[in-house]
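In: Can you look at this prediction? I've put the sequence above it.
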Amino acid sequence: MNQKIKIGYIVASNEVMKDNKSLGYFYREEPSEPKDSGWRFFSGEETEEYSEIESNFALYNASTIVNKFPEVARFLDSDFPISFEFDGQEFVEVDE
């Protein structure tokens, strides 16, 4: 079932979206522009060097993210700044 969610675009690493690695970490920061949700999604295995290369990330609509990772839908209304990581069983809020 495809869910339609409109909150602005989400930035996600190619590791989770193209290389099919598990989602390990995501956070919301202050959006950089009106169409930006502020959400950023990672496997948690990206190196600093990987993260510095813009082409290793792409913009996605929230529906695409939720269709791939339905367990994150309940978090997308959270205000920034906030971070979550997978603890082996579920996503839990973490302090940064």
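Out: Received, thanks.
In: who does R28 bridge with?
Out: W39, I82 (DSSP bridges).
In: residue contacts, it?
Out: For R28, the contact set (Cβ atoms under 8 Å, 6 or more residues apart in numbering) comprises S37, G38, W39, R40, S78, D79, F80, P81, I82, S83. For every residue, glycine as well, the C-beta is placed using N, CA and C.
In: Test my guess that the third one contacts Y25.
Out: Meaning W39. No - using Cβ atoms under 8 Å as the test, W39 is too far from Y25 to be in contact (11.6 Å).
In: Tell me which of these two has more neighbours.
Out: A count of neighbours by other Cβ atoms under 10 Å puts W39 above the other of W39 and Y25, at 25 against 19.
In: residue contacts, that one?
Out: Counting by Cβ under 8 Å, 6+ apart, W39 makes contact with I7, I10, V11, F26, Y27, R28, A62, I65, L76.
In: again, only this time at 10 Å
Out: W39 is in contact with 7-12, 26-29, 31, 60, 62, 65, 72, 75-76, 78, 80, 82, counting by Cβ atoms under 10 Å, 6 or more residues apart in numbering.
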